[in-house]
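Could you look at this predicted model? Sequence included:
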Amino acid sequence: MKSSPDLDRFPLKSYEKVRYADTDRQGHVNNAVFSTLLETGRVEVLYNPAQPLASPNCAFVIASLTLNFHSEITWPGRVEIGTRVATIGRSSVTLEQALFQEERCVATANTVIVQMNEATRRAQPLNDTAVTSLTNLMAPDATMTTTA
């Protein structure tokens, strides 16, 4: 993902209110909170009650998370979270996300998420419903893959 994407390039948009408790000694939002903000966007994709993606007896786990900080987030304020699907594999999906405050991109992230069978603790292929739903959230330049 380019270092400074536009929010309108993300099909799923979420937001969070910055809490005073999110700040650190320097007066800006603590870097650990960035990951929590990204979680909001991921959860809206993976655990939408109206359209569950996980197969029965399966759960989603993070295999990789790369987070790039571009600028600070300050309190008070609101953070907008853009989320899109970059690639869909056999049992995984790669999400691209960006955080914005006052229309300024403050962070970007790539997350690989794997569907895991809870009994075997191994990757399990995504079902057709999940693939269709995820395809609707793909970035314009995304590609389908057959990776794990």
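The structure has been received and is ready for your questions. Quick caveat, the model's predicted, so the values are computed rather than measured.

Can you list the residue ranges for helices in this protein?
Along the chain, counting by DSSP state H, helices occupy 31-46, 128-135.

Now that we have those, can you turn them into JSON lines and tack on mean neighbour count, distance to M116 and mean pLDDT?
Any C-beta I mention is one placed from the backbone N, CA and C, and that applies to glycine too. Output for those, formatted as JSON lines (neighbours: other CB atoms under 10 Å; distance: least, CB to CB, whole Å; pLDDT from 0 to 100):
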{"stretch": "helix 31-46", "mean neighbour count": "18", "distance to M116": "12", "mean pLDDT": "95"}
{"stretch": "helix 128-135", "mean neighbour count": "15", "distance to M116": "13", "mean pLDDT": "95"}
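
count of neighbours near the residue nearest to T129 when sequence neighbours are not counted?
Spatially, and ignoring its direct neighbours in sequence, T129 is nearest to L53 (7.4 Å; CB to CB, 6 or more residues apart in numbering). L53 has 21 neighbouring residues, counting by other CB atoms under 10 Å.

ditto for the one 3 residues further on
Burial of P56, expressed as a neighbour count using other CB under 10 Å, amounts to 8.
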